[in-house]
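[1] Sequence first, then the predicted structure, then my questions.
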Amino acid sequence: MREINLDRLRTLLVIAELGSFAKAARALNLAPPTVSLHIKDLEARIGAPLLSRKRGQIHPTAIGETLLERARRLLADAELALEDVLRQAQGLAGRVRLGASTGAIAYLLPQALTTLSARHPDIDVQVSVLTSQESLSRLLAGSLDVGLVALPQAPMGGLELHPWRRDPIMAFVPSAWRPPAQITPAWLAKRALILNDASTQLSRVTSAWFAAAGRQPQARILLNYNDAIKSLVAAGYGAALLPHEADAPVPEDRIAMRPLRPTLWRPLGIAHRNGPIEPTTQHVLNVLAEQAAGKGHMAGVA
């Protein structure tokens, strides 16, 4: 079954509005035979007359009126769709899909999203809670546009990774344990621990920190949701090693936050696909780079 051409519907609409084939041809900048051909094609497709001539005037038939009613909506929807796509192509509106950890979403993204909203209110950033590996996989699959990921990461064909910022990894310890001013691997390895599982970059970094001191502690529980980990620390369930973002609130009184000795950092990077970047995505990358530069963190986003 052949589809109805929007140009032919537009021709029918203009004829009905102007009441004349000749006037419609001039308004549409078409040759009169072309206008007649459009109507003949439509009538052949429908199988019924769409226009009638009465006293020198062109009027739609009952079937023509029904088609005109639908045609007005179809043409309006088509114009709106084209306008939306053009605005997105120009970077004025559209959707950007971003993946990040819970900590980044809670404490690092709000400032960037506020700035973006002020500059480009019609850009919608859809944020998903993802591990670094999940973000990289979705970027490669084309279902994500920007990922905030822990560094370092092995080079991946098709993706670009740029350093963004780094935050200190701190010990979060139940206050009742009366921890020292600085936390060492030897002191912490003797306590109950709540750690990230092996799928995370944080797990690999903290394991290396313990290993450098000859320690290989076993976690009491493995959990990747930082706020839940802090709740368990507050309840005295164990201690944890977590990044502390600059804008994150100070932990509650039941948690003692201490620096590590030796110091440990959690570097973050921005990942996106190689090749041309859509203007909306570029606006997001620009705001993230400005935020990092303004905070004095490392930045280098294309």
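    Yep, it's here.

[2] Let me know how buried residue 42 is, in neighbour terms.
    21 (other Cβ atoms under 10 Å). All C-beta spots, glycine's among them, are computed from the backbone N, C-alpha and C.

[3] I meant to write residue 222 there.
    Residue 222 has 14 nearby residues by other Cβ under 10 Å.

[4] now it: how far from residue 137?
    Between residue 222 and residue 137 the distance is 21 Å, computed by Cβ to Cβ, to the nearest Å.

[5] And the strands in this structure?
    Listed in chain order, the strands of the chain (DSSP state E) span 51-54, 57-60, 94-100, 123-129, 146-150, 159-174, 194-195, 221-222, 240-243, 255-258, 265-273.

[6] Nearest to residue 37, out of those?
    strand 51-54 (13.6 Å; Cβ to Cβ).

[7] That closest one - contacts with which helices or strands?
    Counting by 3 or more Cβ pairs under 8 Å, 6 or more residues apart in numbering; DSSP states H and E, the packing neighbours recorded for strand 51-54 are helix 6-18, strand 57-60.

[8] name the helices or strands packed onto the longest helix seen in the chain?
    Identified as the longest helix of the chain according to DSSP state H is helix 62-89. In terms of contacts (3+ Cβ pairs under 8 Å, 6+ apart), helix 62-89 is packed against helix 6-18, helix 32-46, helix 279-294.

[9] before we move on, back to that, export the strands of the chain as CSV, with columns for distance to residue 106 and mean pLDDT.
    Converted to CSV, these look like this (distance: least, Cβ to Cβ, whole Å; pLDDT from 0 to 100):
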stretch, distance to residue 106, mean pLDDT
strand 51-54, 63, 86
strand 57-60, 59, 88
strand 94-100, 10, 94
strand 123-129, 10, 94
strand 146-150, 12, 95
strand 159-174, 13, 95
strand 194-195, 18, 96
strand 221-222, 21, 94
strand 240-243, 12, 96
strand 255-258, 16, 97
strand 265-273, 14, 95
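
[10] Turn those into JSON lines, including distance to residue 293.
    Formatted as JSON lines, these follow (distance: least, Cβ to Cβ, whole Å):
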{"stretch": "strand 51-54", "distance to residue 293": "64"}
{"stretch": "strand 57-60", "distance to residue 293": "62"}
{"stretch": "strand 94-100", "distance to residue 293": "19"}
{"stretch": "strand 123-129", "distance to residue 293": "20"}
{"stretch": "strand 146-150", "distance to residue 293": "16"}
{"stretch": "strand 159-174", "distance to residue 293": "10"}
{"stretch": "strand 194-195", "distance to residue 293": "33"}
{"stretch": "strand 221-222", "distance to residue 293": "36"}
{"stretch": "strand 240-243", "distance to residue 293": "20"}
{"stretch": "strand 255-258", "distance to residue 293": "27"}
{"stretch": "strand 265-273", "distance to residue 293": "13"}
